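K.L.:
Sequence unavailable; structure follows:
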Ligand SMILES: Nc1nc2c(ncn2[C@@H]2O[C@H](COP(=O)(O)OP(=O)(O)OP(=O)(O)O)[C@@H](O)[C@H]2O)c(=O)[nH]1
Ligand SMILES: O=C(O)[C@H](O)COP(=O)(O)O
């Protein structure tokens with residue numbers, strides 16, 4: 001089964017708004033860009049057999065995505081993550097993909113074993129890895145548009161509900177690395193502590209070097 005990996009990405013200048021007041025605008029943009037490039041580099045290195053589509057309205061992100069060998073679906077504007085996911089699913093179907101795995105570009109540390117485990121759930125129509133805050137940090141859909149996308153607060157519960165209402169074969173996987181996306185100051189502080197950095201800023205400086 002041919003699966004497309006989809007990475008939705010805002011322009012870094014508009015990203016990580018929940019870190020406003022904690023990081024400067026430049027630091028937020030640098031963090032978003034670093035996590036984005038870390039994600040593409042990881043996929044190219046550890047899962048090269050999977051084609052990658054970056055869906056974005058940002059020309060700078062489009063250019064960077066192409067440098068990593070990703071395909072790009074250029075949006076006309078920022079219409080939200082759900083519209084980005086739906087546009088990607090339509091594109092994936094038109095290109096003949098049987099499934100798409102949507103990953104946000106802000107997972108602190110991707111793990112090959114977790115992703116291979118998720119991608120190996122044969123026969124499932126929806127495979128979901130929740131975030132610690134009950135968001136959705138990985139969503140595999142087969143076919144790509146098998147259910148409506150409900151990204152936002154508590155989205156893992158909404159996606160499960162949508163799958164159950166449609167009688168879809170649904171699996172939820174609790175995957176520790178995929179559960180950690182970087183959205184809030186608490187996320188940064190928790191990750192810095194886990195890596196024995198004295199402050200979140202120290203950890204950030206290591207990450208963005
Ligand atoms: N193409 C596209 N990607 C989006 C959009 N909104 C969010 N994303 C991406 O979806 C993933 C999860 O995004 P969020 O955590 O909601 O947004 P964020 O920019 O990381 O953080 P906030 O600005 O604090 O919401 C990230 O890779 C975002 O760049 C959108 O409107 N269009
Ligand atoms: O989990 C989701 O629905 C999306 O990833 C956006 O949620 P977040 O802003 O909590 O990452």
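P.N.:
The structure has been received and is ready for your questions. Here the structure is a predicted model, which means the values were calculated and not measured. Ligands and ions are numbered 1, 2, ... in the order given.
K.L.:
Let me see the contact set for residue 195.
P.N.:
Residue 195 makes contact with 203, 206, according to Cβ atoms under 8 Å, 6 or more residues apart in numbering. C-beta: built from backbone N, CA, C; applies to glycine.
K.L.:
same deal with residue 4?
P.N.:
Neighbours of residue 4 in contact, by Cβ under 8 Å, 6+ apart: 50-53, 88, 92, 95, 97, 99-101, 144.
K.L.:
hang on, it is in a strand, isn't it?
P.N.:
Yes - counting by DSSP: H, G, I helix; E, B strand; the rest coil, residue 4 is located in a strand.
K.L.:
Kindly state the beta-bridge partners for it.
P.N.:
When bridges are called by DSSP bridges, residue 4 pairs up with residue 100.
K.L.:
Could you check the pLDDT of it?
P.N.:
If you check residue 4, the pLDDT there is 98.
K.L.:
all helices for the chain, in order.
P.N.:
Per DSSP state H, the chain carries helices over the ranges 25-46, 59-67, 81-94, 112-119, 155-165, 185-194, 200-207.
K.L.:
Indicate which one of these is closest to residue 1.
P.N.:
helix 112-119 (9.5 Å; Cβ to Cβ).
K.L.:
what's in contact with that closest one?
P.N.:
By Cβ under 8 Å, 6+ apart, the surrounding residues in contact with helix 112-119 are 3, 46-47, 50, 101, 127, 129, 138, 140, 173, 175-178.
K.L.:
Just to check, residue 28 is in contact with residue 18?
P.N.:
No - using Cβ atoms under 8 Å, residue 28 makes no contact with residue 18, being 9.3 Å away.
K.L.:
what's the residue of the chain found nearest ligand 2 in contact with, if anything?
P.N.:
Relative to ligand 2, the nearest point of the chain is residue 135 (2.5 Å; Cβ to the nearest ligand atom). By Cβ under 8 Å, 6+ apart, residue 135 lies in contact with 151-156, 181.
K.L.:
Can I get the helices of the chain in JSON lines including distance to ligand 1 and mean pLDDT?
P.N.:
Output for those, formatted as JSON lines (distance: least, Cβ to the nearest ligand atom, whole Å; pLDDT from 0 to 100):
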{"stretch": "helix 25-46", "distance to ligand 1": "6", "mean pLDDT": "96"}
{"stretch": "helix 59-67", "distance to ligand 1": "8", "mean pLDDT": "98"}
{"stretch": "helix 81-94", "distance to ligand 1": "4", "mean pLDDT": "98"}
{"stretch": "helix 112-119", "distance to ligand 1": "16", "mean pLDDT": "97"}
{"stretch": "helix 155-165", "distance to ligand 1": "10", "mean pLDDT": "98"}
{"stretch": "helix 185-194", "distance to ligand 1": "10", "mean pLDDT": "86"}
{"stretch": "helix 200-207", "distance to ligand 1": "15", "mean pLDDT": "71"}
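K.L.:
Which of those sits closest to residue 75?
P.N.:
Residue 75 sits nearest to helix 81-94 of all these, at 6.4 Å, using Cβ to Cβ.
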